[in-house]
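A.B. asks: Sequence first, then the predicted structure, then my questions.
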Amino acid sequence: MPEPRTFLMGKHPAPLPGDLRYCKNHMWCRPGTDGPHLFGFTSYAVRLMQDVYFLEWRIEPGLVTAKQEIGYIETQKATSGLYAPLEGRIVRFNAALLEDPGTINVDGYGKGHLFEFRGDLADTLDVDAYFTHLEAGWDATQRILKGQVNKMSDDE
């Protein structure tokens with residue numbers, strides 16, 4: 001099993017467990033051996049979003065295509081759609097998040113998981129490949145974040 005990694009977002013560490021698989025849309029996957037796979041937001045995604053305030057599922061569990069909109073999320077930083085990371089079947093959404101979406105902020109790799117899924121994980125990344133993906137996009141992400149901070153300052 002690969003060693004865990006930590007991606008530094010400026011001064012803020014984003015831990016990446018080595019036993020998980022990762023998707024380019026910043027979701028993690030805990031592969032199930034005999035049961036469904038669990039999916040959730042990576043610590044990188046949670047750090048970018050900051051506090052999650054509201055979550056809503058837009059579909060019922062069932063077959064999904066990659067990049068299909070499955071829900072809606074409201075955070076301190078943005079309001080946006082949630083998209084399926086892969087093609088497959090969503091078995092069950094984490095209903096507890098509808099009552100307390102803040103669980104994503106405090107236990108993102110545990111009780112804050114988003115859904116259970118059955119499907120092929122061939123298009124997921126191991127921790128090292130995901131870390132490389134984060135490194136490759138970090139400069140652009142920082143420019144976007146700085147632009148948002150500057151825009152918020154101008155609005156005040």
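C.D. replies: Good, I have the coordinates.

A.B. asks: burial measure for the nearest residue to K24 once chain neighbours are set aside, as a count.
C.D. replies: Of all residues not flanking K24 in the chain, H133 sits nearest, at 6.1 Å (Cβ to Cβ, 6 or more residues apart in numbering). For the C-beta atoms, the positions are set from N, CA and C on the backbone; glycine is no exception. Applying other Cβ atoms under 10 Å, we find 17 residues neighbouring H133.

A.B. asks: One more: Y130?
C.D. replies: Around Y130 there are 23 other residues, counting by other Cβ under 10 Å.

A.B. asks: measure it to E87 for me?
C.D. replies: Note on Y130: its distance to E87, by Cβ to Cβ, to the nearest Å, is 19 Å.

A.B. asks: just H26 next, same as before
C.D. replies: In this view, H26 and E87 are 18 Å apart by Cβ to Cβ.

A.B. asks: Looking at those two, which one has more neighbours?
C.D. replies: Using other Cβ under 10 Å, the more surrounded residue of H26 and E87 is H26, with 20 against 14.

A.B. asks: Now do the more buried one, the pLDDT please.
C.D. replies: pLDDT for H26: 95.

A.B. asks: Pull up the gap between it and G62, please.
C.D. replies: Look at H26 and G62: by Cβ to Cβ, they are 23 Å apart.

A.B. asks: Closest to the centroid, which residue in the chain?
C.D. replies: The centroid of the chain falls nearest to F41 when counting by Cα atoms, centre = their mean (2.3 Å).

A.B. asks: so what's it closest to, chain neighbours aside?
C.D. replies: G108 (5.6 Å).

A.B. asks: Let me know the secondary structure of the one you found.
C.D. replies: coil (DSSP: H, G, I helix; E, B strand; the rest coil).

A.B. asks: what's the pLDDT at it?
C.D. replies: Reading off the model, G108 has pLDDT 93.
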